[in-house]
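Engineer: Pasted the sequence and its predicted model underneath.
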Number of protein chains: 6
Amino acid sequence: MPLFDLPPESLRDYLPQRDEPADFDGFWARTLAEAGAFDLDPVFTPYDTALRAVDVYDVSFAGWGGHRIGGWLVTPKAEGPVPCLVHYIGYSGGRGFPHDHLMWPAAGFAVLVVETRGQGGQNNQRPGVTGDPHGGSFAEAQGMMTRGILDPEEYYYRRVFTDAVRGVDVAAAHPAVDAGWIAVGGGSQGGGIAQAVAALRPDVRAALIDVPFLTHFRRAVEITGRDPYQEIVRFLATHRDGAERVFRTLSYFDGLNFAARGQVPALYSAALMDEVCPPSTVFAAHNHWKGPKEITVWPWNGHEGGGGFQREEELRYLRKLADGR
Amino acid sequence: MPLFDLPPESLRDYLPQRDEPADFDGFWARTLAEAGAFDLDPVFTPYDTALRAVDVYDVSFAGWGGHRIGGWLVTPKAEGPVPCLVHYIGYSGGRGFPHDHLMWPAAGFAVLVVETRGQGGQNNQRPGVTGDPHGGSFAEAQGMMTRGILDPEEYYYRRVFTDAVRGVDVAAAHPAVDAGWIAVGGGSQGGGIAQAVAALRPDVRAALIDVPFLTHFRRAVEITGRDPYQEIVRFLATHRDGAERVFRTLSYFDGLNFAARGQVPALYSAALMDEVCPPSTVFAAHNHWKGPKEITVWPWNGHEGGGGFQREEELRYLRKLADGR
Amino acid sequence: MPLFDLPPESLRDYLPQRDEPADFDGFWARTLAEAGAFDLDPVFTPYDTALRAVDVYDVSFAGWGGHRIGGWLVTPKAEGPVPCLVHYIGYSGGRGFPHDHLMWPAAGFAVLVVETRGQGGQNNQRPGVTGDPHGGSFAEAQGMMTRGILDPEEYYYRRVFTDAVRGVDVAAAHPAVDAGWIAVGGGSQGGGIAQAVAALRPDVRAALIDVPFLTHFRRAVEITGRDPYQEIVRFLATHRDGAERVFRTLSYFDGLNFAARGQVPALYSAALMDEVCPPSTVFAAHNHWKGPKEITVWPWNGHEGGGGFQREEELRYLRKLADGR
Amino acid sequence: MPLFDLPPESLRDYLPQRDEPADFDGFWARTLAEAGAFDLDPVFTPYDTALRAVDVYDVSFAGWGGHRIGGWLVTPKAEGPVPCLVHYIGYSGGRGFPHDHLMWPAAGFAVLVVETRGQGGQNNQRPGVTGDPHGGSFAEAQGMMTRGILDPEEYYYRRVFTDAVRGVDVAAAHPAVDAGWIAVGGGSQGGGIAQAVAALRPDVRAALIDVPFLTHFRRAVEITGRDPYQEIVRFLATHRDGAERVFRTLSYFDGLNFAARGQVPALYSAALMDEVCPPSTVFAAHNHWKGPKEITVWPWNGHEGGGGFQREEELRYLRKLADGR
Amino acid sequence: MPLFDLPPESLRDYLPQRDEPADFDGFWARTLAEAGAFDLDPVFTPYDTALRAVDVYDVSFAGWGGHRIGGWLVTPKAEGPVPCLVHYIGYSGGRGFPHDHLMWPAAGFAVLVVETRGQGGQNNQRPGVTGDPHGGSFAEAQGMMTRGILDPEEYYYRRVFTDAVRGVDVAAAHPAVDAGWIAVGGGSQGGGIAQAVAALRPDVRAALIDVPFLTHFRRAVEITGRDPYQEIVRFLATHRDGAERVFRTLSYFDGLNFAARGQVPALYSAALMDEVCPPSTVFAAHNHWKGPKEITVWPWNGHEGGGGFQREEELRYLRKLADGR
Amino acid sequence: MPLFDLPPESLRDYLPQRDEPADFDGFWARTLAEAGAFDLDPVFTPYDTALRAVDVYDVSFAGWGGHRIGGWLVTPKAEGPVPCLVHYIGYSGGRGFPHDHLMWPAAGFAVLVVETRGQGGQNNQRPGVTGDPHGGSFAEAQGMMTRGILDPEEYYYRRVFTDAVRGVDVAAAHPAVDAGWIAVGGGSQGGGIAQAVAALRPDVRAALIDVPFLTHFRRAVEITGRDPYQEIVRFLATHRDGAERVFRTLSYFDGLNFAARGQVPALYSAALMDEVCPPSTVFAAHNHWKGPKEITVWPWNGHEGGGGFQREEELRYLRKLADGR
């Protein structure tokens, strides 16, 4: 895979203009307030595994519209509450199995895995359990990217981001978690969600934003031919009269606009040969991020990014922050 | 594309056992009755085109759950009501444009195009306008095939087939249509829908069932690696513990079970190199069909089947039936 | 599919130098004069279909070299002659079926479909009936693009363009057609042919030039790896010593040189993600066009271009021009 | 590539029924007689190369219809005439360069390379110089396989096989060649041509028929999805009403019918993983061959067959036969 | 992916004849004895991670030829020695990171990850550190499958299996491990290695043999076109005269011959749509296995097999066996 | 395939900075000196073929580390010694058959084909016989490009280039060869090797460097996604911490650094659509070459370059140089 995006040396300075709707903050304040009308109702059901070193809970809570959202809480055997990472999932994945989420507990953190509604039905390794009962108000391209895309109120990620924000409260609600020390993180879609949550919830302690998706939509759909950004192009190629409405909707969900509001410490990563989430879209967000920030760059990788190397970076990063609590 | 299915000479006798749930008829009677609680409320809005030889109406009606379903009604300029074909659409397509539906009117038939909820967002040529507001109760594979697949009550095609049945009433409700002479038809998914409607509505005059999809699921998912049947395999490959529930659900929607109830004249077609809807699955349905039937076989074609040749077969077939009215 | 051609904002001003042979006009005058030695001999055989709203004729006439060229004439049931569109066909397609050509008749136009000799043997949906009896004087790459490409006198498109020009006369020869109001049009190869005919026959009323092929060869073969332009590259990659002769031949057939002679109203379209007929090659022709012109741009589409949306543009465009007749 | 054809152990006994037209022999006798009306007019132009060990002639002669056919004659520096192999070329290739044909001269044979009209325009390494001036009487699929396929008189390979037969006379006409010892050979299409020539010219001394194409058409088009057999399927998939005429035409050209007339020593080869010319089609011909015969089987190869190993088999085979002259 | 192998219902009874060399046992006894001449010299270097729940050791030991083999030992924080799984790695992977191996420690087992020499250089997520200093005595196809394949003494897997057997001793040498309770396991290549080790070391307590590779070579290379089995076919397709030597070599390494010697409890898994390690090759080994055995079948999966579901099966299986220690 | 590299018009002036280690010359002097400790021990075994015009020898000699390296020597029947080309082979190929190497002997040159250790196991047509007994000191990506890449002393091409240099001495050792007139050449990898040998052995008379590989590594791995350069990217994508060491190693083997030392006449070729060895990497070397030089440019070709046309260029080029001896 050759280099295809901006020259690497120009990425550090790439600060594109953002397309931000006037009522961005109002939209999200209202959205979260409306969701707040539903009681969070977190349920932690102890889950029996052969894993002795951790406690596992099958988690369920009321997300957007009161819909039940699933996940796992995996905590180390510890005395007293521990810091917690709320982990969001990459596109099309589900929560998988408790044994998929042992790194953070082994490092002394609780981890709450929050599912992405409707996803988790096809990635072979990580089944999910959460539906999106809301459905769509218009014709869709296959996948989740265009469900409700003609209207910000109806857009799929309005529900997803709201679920994700409430996930932070779910973590805080469990006695094994130190409610005062919760970070968010994820890769690809999970990184895009973490980025949004960190902007909407400045009380989180840090954000791990690994090769984030859902960021700088306008550029992404022009420079990559890869899914899932391409789902949007397929919709536009069919609904040739819908571009204005589509991009208006996306402006409420674009990671650039969340990044411009981010105040907590953030660890980004970008891969220079990443055709799925092109490096310029990641740097654009990183460069707009307002808070303390680092970015790890993987010159020879595609969307897998730093893989295990990045996991070690993240461990080190959170460990340092949490040790100071 | 080589031959890959049963030997052609054995297809005429291929009559596999059907997997039919005990309450199949009850399920559908109840489903349609529940839908009947919503007033059909057909709206025919005259639509301005440059086409002088036809009248075009932008159609909307209340389908399953009262959700609005879109379509087109295109009628020839005629004195008095004409026979009508209710046309269902292939997978992922929308209603497109009025100029896409001129063959039947040119032959003296009205055509009512009924959209498939949620589809029509990605096929480039035929945009759709109808959403599926119901959503899914569980994780999904991309596409529509697995939305709600763990429960017959929740399965996507329960809503689609109900919409389609009500489409017959919509056609009958328009004064330009001879309410006593309505046929149904379509290709691929549209053929599968037509097959179901013809079984559930024995008052229609004929069914055109062209390379039908949604038929003989169990065999289809084992012998083809192509979408959309493969969506189901992707779900099963992830939710490895879900097969029993999945196939139970599909038994309520399998074209074989509708075919065994079909009593009206039916024109099938099958293509011997069709990897999308393999010929054995089509012959299985045709061979189970109870009413008068013909099948056109295209030995050298894939899923495109007979194409324009089949259109001429269909014109001839309906013309002969309608001329007798 | 990402953007790959010139930046969209520079396309409006893209006016590349043309490579025009000194005897371009002489070549074509002589070619058409020679063809004129053969009597046109148009034969319109009424063709029986189930389509009641139109009259259909199986058409045959003497093209280049007196070879018989096939087509359809489909006319609305009308009193008195109507305006007519002569329609040329995309690469590898044939005339198909009468029911494939109902849009223009439904709008009150006759349509004459003129086949492209030798094509129509493989596109599944649209069979053709016309051979190219002339053959080739040299080794060929597969496809039609390189048949006779070492010599303008022998080049395949010399025969095709001549057939196409004579198609205008065929249309004029039928009593149902208003011989004073004939337009030409088509998409891709059909657009390239229409562009050439409109330049060679300034008496046509308009040209619909949709994502035209056969235009700006030199740039096309350098920036796209897609067929059919790639047929030329395959020939050059084999006959590495033939480039000079090849490009000399192509200069007699390049749409840029026809565009520079175009005087009638023209409606172009270009798609920004079109790898088959890249947008810069289309804009280059549009920008060189001498007559009144419009161009529709489809930002998210590949070679399918505007599809049904473009059909509606074309209907509107010709309707407006024809209403004034 | 897995095994896909009949079980290897059954190939030796595979003797399918042949579909032979009643006038097969008459057709070919008449065809060759008609061609005989044109003087052979072989021209051997000495060709200057840096190759000192051989003499090279640029060859041209009058083939079917008197059309000029090109080739190379490469002869060893020898005293007195030498035995000669007439070599036919694989699909889409041309004669290439004299340095491509040095093996036989190095072994003491002259080699006459006979081009396949119209081919040689796209295979990168082996350019050709010979056109097919005859053209086609009907729509074609891309490639040569369907040119004139609706009528045996018009079929492309009628001209090709005639050219090839006359190539034997061309070889005999050169003084460096022992006119009494000429063999024919080739691989793939070249093998199919050699097979036909050996049947039509029982005076040749041997035939090398390496992974032959153009043999057992009916089975080939049903079991392989690969070109060039697939060209025929593409034609049939479009001209769905043309199968009867197509297979009638092919019966005049099917290698099975030539094999049943073959009386000279023949060395066949087949590759068990050959999807282009499936092994059962090769064994079918070999098993029908009437004369002395051997077959080399390459169990792990695709269409490349034995490659250099087979070349060594062929050297050994012809050497042994020629040493006895 | 469709079903492609034997009918599922016949797999339970599939017991193909094995091709076993007379000195199979002698070959392996001698091989291991020779390796025994090198001191095992296990080195466990404590490795600093942020993972507090486990102890991690960077492992190195002397494998075949005294070459240094790398790995990880990850042990739970425990009082007293724990049972241990020696884990072998899938084709082309390396040991990766300690955080990749936390499931077994979380379940109370130590895990020793033993690298496969030469591999670990390209799978993006799991880098390796171990070379194969021995090299090859003959030309190779790319990959490891044909290194030394003409001679059992020189074959790559002779070294790999020897390293793997010695890995059991390495595990036993660490004080945190219960030397009397060591099991082996892995998936794909790792499963094939575990199968061999369990046969060669009947003192291990169990074998987890997940979708095993390196098993039933003769059938595998005939029915699958996928790597890595295809590496062997590429070699045979080139060295067309080498098949006898190749299959003789492989007979010393074929999982069928190890299975016939297996006496310890074994948990197999097979996936019915697995084109990489076809289900019949897995069942063949399972059916030959002499000891107590179970097999989990995944009907809808390819080579990913049961994924996390299978991990849970394995946890349950070993847990039950180990609880009885 | 579109143009993808630098604009053609800028290639002539492209002279990138080289990354040359301080001890480049010392490294190679020492490497060759160490190899010199092993006696060359060339063995020329007469090889029986049916080829009468040449003498063929199965060649073996001691290369790097004294390892036996195979090849062919093919000489014309001549009186007295003849000039000789030492020919190196493209990636993954072996020496093949004597009949593959007849062009140079036919032109009056001897040709010594020197194998590339370890290669020749998979290209179907050209089997090889030479192993690389040295093996690798670290994990590898599949293929040869990364064997030992972390250390210049261990890198695979250190051995290959040494073997190749010694091949010149092997040629000189045979009485049929004019030891005072030896040239080197090859295509792709063979061109890269010839380039290195010509720099290390200024006593050779010329170098044919056809679309050379192993040249300008840093740029190549950034602009092409094709093998074999991509093997290096796969390694770097896994060993994300290894780039510095990798590029340090490659600096000892980069064709740019050899080119800067090249003093003998060199004939380069480059193909403008070559994605395997991009034209800018070839021009970079050509432009750095110190000696007399020509470059043939193939504008429409990929990695096949000029094919037979380039062979004719090479014949002409060497002929002219050798005629002056």
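Structural biologist: Thanks, I have it. Residues are numbered from 1 along each chain as shown, chains lettered A, B, ... in the order given.
Engineer: and stretch A:99-107, does that touch chain B?
Structural biologist: No: contact of stretch A:99-107 with chain B (Cβ under 8 Å from any Cβ of the partner chain) is absent, the minimum separation being 13.3 Å. Any C-beta I mention is one placed from the backbone N, CA and C, and that applies to glycine too.
Engineer: Which pLDDT value does the model give the residue of chain A at minimum distance from chain F?
Structural biologist: Residue nearest to chain F within chain A: A:W300 (3.8 Å; Cβ to the nearest Cβ). The score at A:W300 is 97. That number is its pLDDT.
Engineer: My guess is it contacts F:A243. True?
Structural biologist: Yes: assessed by Cβ atoms under 8 Å, A:W300 is found in contact with F:A243 at 7.0 Å.
Engineer: Of the two, which one has the most company?
Structural biologist: A:W300 (23 against 14; other Cβ atoms under 10 Å in any protein chain shown).
Engineer: Could you give the number of residues near the nearest residue to the more buried one once chain neighbours are set aside?
Structural biologist: Closest residue in space to A:W300, ignoring its immediate chain neighbours: F:L236 at 3.8 Å, by Cβ to Cβ, 6 or more residues apart in numbering or on different chains. When counting by other Cβ under 10 Å, one arrives at 24 neighbours for F:L236.
Engineer: any idea how far A:D254 is from A:P16?
Structural biologist: A:D254 is 11 Å from A:P16, where distance means Cβ to Cβ, to the nearest Å.
Engineer: typo on my end, it should be A:A50
Structural biologist: Look at A:A50 and A:P16: by Cβ to Cβ, they are 50 Å apart.
Engineer: on that earlier part again, which one of A:D254 and A:P16 has more residues nearby?
Structural biologist: A:D254 (28 against 16).
Engineer: what about stretch A:135-153 and chain B, any contact?
Structural biologist: Yes: legend: contact between stretch A:135-153 and chain B by Cβ under 8 Å from any Cβ is shown at A:G135, A:G136, A:S137, A:F138, A:A139, A:E140, A:A141, A:Q142, A:G143, A:M144, A:T146, A:G148.
Engineer: before we move on, back to that, in terms of helix, strand or coil, where does the residue nearest to A:W300 fall?
Structural biologist: helix (DSSP: H, G, I helix; E, B strand; the rest coil).
Engineer: And the pLDDT at it?
Structural biologist: On the pLDDT scale, F:L236 gets 97.
Engineer: same check, this time on the one 5 residues further on
Structural biologist: F:D241 is assigned a predicted lDDT (pLDDT) of 96.
Engineer: before we move on, which element is it in?
Structural biologist: Counting by DSSP states H and E, no helix or strand carries F:D241.
Engineer: now the residue nearest the centre of chain A, nearest residue through space, not along the chain?
Structural biologist: Closest residue to the average C-alpha location of chain A: A:I193 at 2.2 Å, with Cα atoms, centre = their mean. Excluding its sequence neighbours, the residue lying closest to A:I193 (Cβ to Cβ, 6+ apart) is A:Y88, at 4.0 Å.
Engineer: Look up how far C:L200 lies from that neighbour.
Structural biologist: From A:Y88 across to C:L200, the span is 62 Å (Cβ to Cβ).
Engineer: Over to A:R218?
Structural biologist: A:R218 is 43 Å from C:L200, by Cβ to Cβ.
Engineer: How about A:V264?
Structural biologist: Applying Cβ to Cβ to A:V264 and C:L200 gives a distance of 69 Å.
Engineer: one step back: return every residue with contacts to both of A:W300 and F:A243.
Structural biologist: Common contacts of A:W300 and F:A243 (Cβ atoms under 8 Å, 6 or more residues apart in numbering or on different chains): F:L236.
Engineer: Now the phi/psi pair for A:G70, please.
Structural biologist: Backbone torsions for A:G70, taken as degrees, to the nearest 10, come to phi -100, psi 170.
Engineer: sec struct for the residue in the stretch 51-200 of chain A positioned nearest to chain D, please.
Structural biologist: Of all residues in the stretch 51-200 of chain A, A:N124 sits closest to chain D, at 23.4 Å by Cβ to the nearest Cβ. Using three-state DSSP, the three-state assignment for A:N124 comes out as coil.
Engineer: Flag every residue of the stretch 51-200 of chain A that's near chain E.
Structural biologist: So the stretch 51-200 of chain A meets chain E at A:51-54, A:76, A:96-97, A:99-100, A:102-103, A:105-108, A:124-127 (Cβ under 8 Å from any Cβ).
Engineer: now do 7 Å
Structural biologist: The stretch 51-200 of chain A has residues A:51-54, A:76, A:96-97, A:99-100, A:102-103, A:105-108, A:124-125 near chain E, with proximity defined as Cβ under 7 Å from any Cβ of the partner chain.
Engineer: What about those residues, which are in helices?
Structural biologist: The helices, defined by DSSP state H, take in A:M103, A:P105, A:A106 from these.
Engineer: nearest to D:G291, of those residues?
Structural biologist: Nearest to D:G291, judged by Cβ to Cβ, of those is A:M103 at 73.0 Å.
Engineer: can you give me the strands for the stretch 1-150 of chain A?
Structural biologist: A:43-46, A:54-62, A:68-76, A:82-88, A:110-114 (DSSP state E, counting those that start in this stretch).
Engineer: Would you format these as a markdown table with mean neighbour count included?
Structural biologist: Output for those, formatted as a markdown table (neighbours: other Cβ atoms under 10 Å in any protein chain shown):
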| stretch | mean neighbour count |
| --- | --- |
| strand A:43-46 | 14 |
| strand A:54-62 | 22 |
| strand A:68-76 | 25 |
| strand A:82-88 | 27 |
| strand A:110-114 | 28 |
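Engineer: can you list those in TSV and add distance to F:E231 and mean pLDDT?
Structural biologist: As requested, the strands of the stretch 1-150 of chain A are exported to TSV (distance: least, Cβ to Cβ, whole Å; pLDDT from 0 to 100):
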stretch	distance to F:E231	mean pLDDT
strand A:43-46	49	98
strand A:54-62	40	98
strand A:68-76	39	98
strand A:82-88	34	98
strand A:110-114	36	98
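Engineer: Adding distance to F:L40 as columns, could you present those strands in CSV?
Structural biologist: Converted to CSV, those look like this (distance: least, Cβ to Cβ, whole Å):
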stretch, distance to F:L40
strand A:43-46, 75
strand A:54-62, 65
strand A:68-76, 65
strand A:82-88, 63
strand A:110-114, 64
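Engineer: ok so, going back, tell me if the residue nearest to the centre of chain A really is in a strand.
Structural biologist: No: per three-state DSSP, A:I193 lies outside any strand segment and is helix.
Engineer: Next one: it, what pLDDT does it get?
Structural biologist: In this prediction, A:I193 carries a pLDDT score of 98.
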